[in-house]
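>>> what shape does this take:
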Amino acid sequence: MLISMIFMIINTCMGLSEAISISQKEARHKEAATSFIEKLFMNLPSDAQFALQESEDGNLELYIENPGVYFTALGREQKAALLRLEVVNNSDNTSRLIAHFETAPASSDSDDVTFSNHELINTLGELYWQVYSPTEQDWVNEWQTGRPTIVRLNNDVDGNDTTAPLSATFWAPPRPDPSRISGGNQNGGRSNRR
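Numbering: from 1, shown residues only. Now for the predicted structure:
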């Protein structure tokens, strides 16, 4: 009897240890994904454009044209012309956030485009994007007009998206267009000193 109790205790401890390890791995994965998105938004080029729209299967996808990031494909670094952050909500009440990177065609008469997909998050509950609209002064589920400054990724677990651990708000700071910034002084970069 004592041996069976010791065996049960050890078995329970092993199961608990495995559950803790899985939970910690998921937490690290979520932290890395939100860190990637935060850095992406903070470093977007001035000509980056957003679109938030519903996909054919009813999930919200965030498109960023000219995201200013590189990805590895075909054994080398590729500059992304488009980044699509797709939410896939599964029937088992789990969601995945997948980053789809795409290059621009090599020439105007070519359709040779390189793709790469990476799962960023796999979590319990429903994920969805929202953009803050200054004109409506509220969060909206569609965006087609340029570059928003605040974007939110919600994680709705059991209908409560305000306390979910993954809900995160990202800031995309406005950037001046470098072609419109006049650099230097009026003397073509020469100093007035003699």
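
>>> pull up the distance across stretch 118-137, start to finish.
End-to-end distance for stretch 118-137, by Cα to Cα, to the nearest Å: 33 Å.

>>> list the helices and strands the helix or strand of the chain at the bottom of the mean pLDDT ranking packs on?
Taking mean pLDDT, DSSP states H and E as the measure, the helix or strand of the chain with the lowest value is helix 2-42, at a mean of 79. Here helix 2-42 is seen to pack against strand 115-124, strand 150-156, strand 168-171 when contacts are counted using 3 or more Cβ pairs under 8 Å, 6 or more residues apart in numbering; DSSP states H and E. The C-beta positions use only the backbone N, C-alpha and C, and glycine is treated the same way.

>>> for the shortest one, what is the distance to the chain centroid?
Spelled out, it's strand 168-171. 10 Å (Cα atoms, centre = their mean, to the nearest Å).

>>> what lies in contact with that strand?
Taking contacts as Cβ atoms under 8 Å, 6 or more residues apart in numbering, the residues outside strand 168-171 that touch it are 34, 37, 38, 41, 42, 149, 150, 151, 152, 153.

>>> and if you look at the first one?
When contacts are defined by Cβ under 8 Å, 6+ apart, strand 115-124 is touched by residues 26, 29-30, 33, 36-37, 71-73, 78, 85, 93-103, 127, 155, 157, 166.
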